[in-house]
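A.B. asks: coords please:
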Amino acid sequence: MSNKKVTVEKFDGSKQESVIDFGSVKVPTSWDEVTLQTMCDYMRRSKEKEDLLESDRREVRKWNKEHPEEKKDMPDENDSKYTLTDKDLLEVFTDFDISKYDILPVELYNSIMGNFSFVLKQMEYKPSKELEWNGQKFIINDMEGLCVKEYEDAENVMKGDQFDYPSLLAILCRLRNGRKTDNATGLSWYVNEPYDTEFANKVFDARRHMFANMPVTKAMPMIAFFLMKSLELQIPSQKYMQTTARRLDELVTNILDSAGPMAYLKPSTMLPMIRLRKLRKSVRKTFLTS
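C.D. replies: Residues are numbered from 1 along each chain as shown. From the prediction side, this is the model:
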């Protein structure tokens, strides 16, 4: 281990000296200093811990059901396994060598961790479909204006990784190329770059990199706009499914009531009746419970 003095630089310009070589660590002090990619990594890690907690809870419930005489306690949601720790913050938000975490001097530790209070603060932004960056204007293609390739690629991104927002924006955010005017009528309209195979092959990676390294506070209004539009489209779809489920439930109920209890005693109708009851139970559980 080196005894050479090094400095840990913070975004506010102050410096903390240490006789242990921990390298140079830049620590954000606000959401404005956090990139979109870092935010995605933070959200992904948080979701992983939530999923682990739910998985362990299911295992305990299963065990307790199978072994009522040896019941286990439910996992403690405050356990470090299930919550974001200081070590997680260092790994996600800085380039600190986490293998040196245990030997980090308390004074230096406090100096670094004191900057992370911003994580507890809510980011303030309004959903927006437009973004200006480096003198260029981008506009998000909302769901009504998507072409087939945009829709399919965006769907594939969300299925693969629900927090891969840089890729999502690279697909849905089109660079505004200016206005086009029809000489005959004098009418003009905005023209946006197309999202096609050529864009996907030649431009996508660079555009994704641009969004990934953008301050999260700059990108979040567009992400919020996309999520809001997606939710608006899901609500009518859910209502349609619930309406269909209610009609199916009524139909099955009428069949069961019409057949009467004697249908369960006949070999030829007993199995179909049991299947209908299971179908009704499944429909009610999946679509008609609040």
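A.B. asks: so R44 makes contact with D88?
C.D. replies: No: between R44 and D88 there is no contact under CB atoms under 8 Å: 11.2 Å. Quick note: C-beta positions are derived from backbone N, CA and C, even for glycine.
A.B. asks: Between these two, tell me which one has more neighbours.
C.D. replies: D88 (17 against 14; other CB atoms under 10 Å).
A.B. asks: Isn't L175 up against F199?
C.D. replies: No: applying CB under 8 Å, one finds L175 not in contact with F199, separated by 9.8 Å.
A.B. asks: Name the residues contacting each of the two.
C.D. replies: Residues touching both L175 and F199 (CB atoms under 8 Å, 6 or more residues apart in numbering) are E193.
A.B. asks: of those two, who's got more company?
C.D. replies: Legend: neighbour count by other CB under 10 Å for L175 and F199, higher for F199 (18 against 15).
A.B. asks: For that one, which residues are in contact?
C.D. replies: The contact partners of F199, taken as CB under 8 Å, 6+ apart, are E193.
A.B. asks: Please tell me the pLDDT value assigned to it.
C.D. replies: Here, the pLDDT recorded for F199 equals 88.
A.B. asks: shaky segments in this protein?
C.D. replies: 1-23, 142-145, 178-191, 229-245, 247-249, 251-252, 254-273, 275-276, 283, 286-290 (pLDDT under 70).
A.B. asks: what ranges do the strands span in it?
C.D. replies: Secondary structure of the chain (DSSP state E): strands at 6-9, 15-18, 130-133, 136-140, 173-181, 188-192.
A.B. asks: What are the buried residues along the third one?
C.D. replies: Of the residues in strand 130-133, L131 count as buried by neighbour count, 16 or more other CB atoms under 10 Å.
A.B. asks: got the contact list for it?
C.D. replies: So strand 130-133 is contacted by 137-140, 173, 210, 214, 218-219, 221-222 (CB under 8 Å, 6+ apart).
A.B. asks: which of those residues count as buried?
C.D. replies: 138-140, 173, 210, 214, 218-219, 221-222.
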